[in-house]
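*Asks:* Here is the input, now give the coordinates:
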Amino acid sequence: MLSIFFPKSHNHEEEGWFTAEHPDGYVITISGIDKYDALRQIKTETAYRRWTDVSGKEMLQVAPLSQRYVFPQEMEDLTHYNGFDIVEQYGDFDRSPVTDESRLITLICRK
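*Replies:* Have a look, this model is predicted:
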């Protein structure tokens, strides 16, 4: 029998991320919420940008972004089953080695 463990999806409260100054001189506050659906391997990040424009009006822009996560072993299987060989593997676009700190994995493949 095969059992698969899925960690619970966490629904975090909105938290402050950073601020940025607009060229017109006002400050934009960026905050957001991260949710992870372990079953579908999808992280949804919703960013909230708040600022007061030059006329004094409170502004809000909401920007959701969904990202599908693929685990390294899963990508190796997908490339293999689709007739590709992994020629090189890097931990970023700068061709640094893959480590447990790598934010992404870049594969160079051959058909």
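*Asks:* quick one: the most centrally placed residue in the chain from residue 44, how far?
*Replies:* With distances taken as Cα atoms, centre = their mean, the residue of the chain nearest its centroid is residue 67 (5.5 Å). In this structure, residue 67 and residue 44 are 8 Å apart, going by Cβ to Cβ, to the nearest Å. All C-beta spots, glycine's among them, are computed from the backbone N, C-alpha and C.
*Asks:* just residue 105 next, same as before
*Replies:* The value you get for residue 105 to residue 44, if Cβ to Cβ is used, is 21 Å.
*Asks:* what sits against residue 64?
*Replies:* Neighbouring residues of residue 64 by Cβ atoms under 8 Å, 6 or more residues apart in numbering: 44-47.
*Asks:* So which residues make contact with stretch 16-34?
*Replies:* With contacts defined as Cβ under 8 Å, 6+ apart, stretch 16-34 is touched by 10-15, 43-54.
*Asks:* buried subset of those residues?
*Replies:* 43, 47-49, 51 (16 or more other Cβ atoms under 10 Å).
*Asks:* Give me the domain ranges for the protein.
*Replies:* According to automatic domain parsing, the chain comprises the domains 9-69, 70-111.
*Asks:* now the last one: how far from the chain's centre is it?
*Replies:* To tie it back to what came earlier, the one meant is domain 70-111. Distance of domain 70-111 from the chain centroid (Cα atoms, centre = their mean, to the nearest Å) equals 17 Å.
*Asks:* what about that domain, start to end distance?
*Replies:* End-to-end distance of domain 70-111 (Cα to Cα, to the nearest Å): 20 Å.
*Asks:* Ok, stretch 64-84 next?
*Replies:* Termini of stretch 64-84 sit 33 Å apart (Cα to Cα).
*Asks:* what's the spacing between it and its chain's center?
*Replies:* Mean C-alpha position of stretch 64-84 versus that of the full chain (Cα atoms, centre = their mean) differs by 15 Å.
*Asks:* what mean pLDDT does that stretch have?
*Replies:* When pLDDT is averaged over stretch 64-84, the result is 91.
*Asks:* residue contacts, residue 92?
*Replies:* 102-104, 106.
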